[in-house]
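Chemist: Next comes the sequence, and after it the predicted model I'd like to discuss.
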Amino acid sequence: MTQPHVHASHPGIIKRLKRADGHLRHVVEMIEAGRPCTEIALQLQAVESAITAAKRALIHDHIDHCLGHGGAEDLSDLRALAKLL
């Protein structure tokens, strides 16, 4: 069994994602309630921004703490991460 891969930034990232989850649930409720599309789009933008910020924080943390130990594995990992930014 592998060891858990936990960084100091993970609790903050979890908090961001839970906030995004709450926004997304609100979007579903807004659609079900027939709210104006402009209001829904604004809330979707908030969800998208929160998820993007969480992803960016996770990737930057990984680069700072997990890469740099040498070898082709680091380069391969960095290439895969670059596609996600």
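Modeler: Right, received. Where do you want to start?
Chemist: residues near His23, how many?
Modeler: Residues contacting His23 under the criterion other Cβ atoms under 10 Å number 18. Bear in mind the C-beta positions are built from the backbone N, C-alpha and C, glycine included.
Chemist: Just give me the longest helix of this structure.
Modeler: Using DSSP state H, we find that the single longest helix of the chain is helix 37-66.
Chemist: List the buried residues in it.
Modeler: For helix 37-66, burial by neighbour count (16 or more other Cβ atoms under 10 Å) applies to 40, 43-44, 47, 50-51, 54, 57-58, 61-62.
Chemist: Could you do stretch 15-35 as well?
Modeler: Buried residues in stretch 15-35 (16+ other Cβ under 10 Å): 16-17, 19-20, 23-24, 27, 30.
Chemist: Need the residues that contact that stretch.
Modeler: With contacts defined as Cβ atoms under 8 Å, 6 or more residues apart in numbering, stretch 15-35 is touched by 39-40, 43-44, 46-47, 50-51, 53-54, 57.
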